[in-house]
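[1] Pasting a predicted model and its sequence here:
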Amino acid sequence: MAKRLYECVVCGRKFPEGQGIVIAKGGLVLHFHSSRCAAKFLKRLIENADDQCILKAARETLNEFREAIEAKRKASRKVI
């Protein structure tokens, strides 16, 4: 059975299903052949986005990662 091919939205490279990165949100599906292309797209997206639109989501996401890091640190302290 042939795998479906996707096309990277950043570089145009085609890659088979099961590889790369696929992000779907609100009816929009984005295909990236590598993490480098995904990071390049994300950087440009943030640069182009209206501050009011992106800052709340960015702060919430940043807090989620900070809390996860802190929980991981606390868990590792208990093991030692």
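    Arrived safely. Numbers count the residues shown, from 1 in each chain.

[2] Give me the helices and strands touching the lowest-mean-pLDDT helix or strand in the chain, please.
    Ranked by mean pLDDT, DSSP states H and E, the weakest helix or strand in the chain is helix 51-79, scoring a mean of 91. Secondary-structure packing of helix 51-79 (3 or more C-beta pairs under 8 Å, 6 or more residues apart in numbering; DSSP states H and E): no helix or strand packs against it. C-beta here means a position set from N, CA and C on the backbone, and glycine is covered the same way.

[3] now that helix, how far from the chain's geometric center?
    15 Å (C-alpha atoms, centre = their mean, to the nearest Å).

[4] And for the residue lying closest to residue 11 once chain neighbours are set aside, the neighbour number?
    Closest residue to residue 11 apart from its sequence neighbours, by C-beta to C-beta, 6 or more residues apart in numbering: residue 37 at 5.6 Å. Here the number of neighbours of residue 37 (other C-beta atoms under 10 Å) works out to 20.

[5] wait, residue 37 sits on residue 7?
    No. Assessed by C-beta atoms under 8 Å, residue 37 is found out of contact with residue 7, at 11.1 Å.

[6] mind listing what the residue nearest to the spatial centre of the chain touches?
    Residue closest to the average C-alpha location in the chain (C-alpha atoms, centre = their mean): residue 38, at 6.6 Å. The neighbours of residue 38, taking C-beta atoms under 8 Å, 6 or more residues apart in numbering as the test, are 10, 21, 23, 32.

[7] Now the buried members of these.
    Buried subset of the contacts of residue 38 (neighbour count, 16 or more other C-beta atoms under 10 Å): 10, 21, 32.
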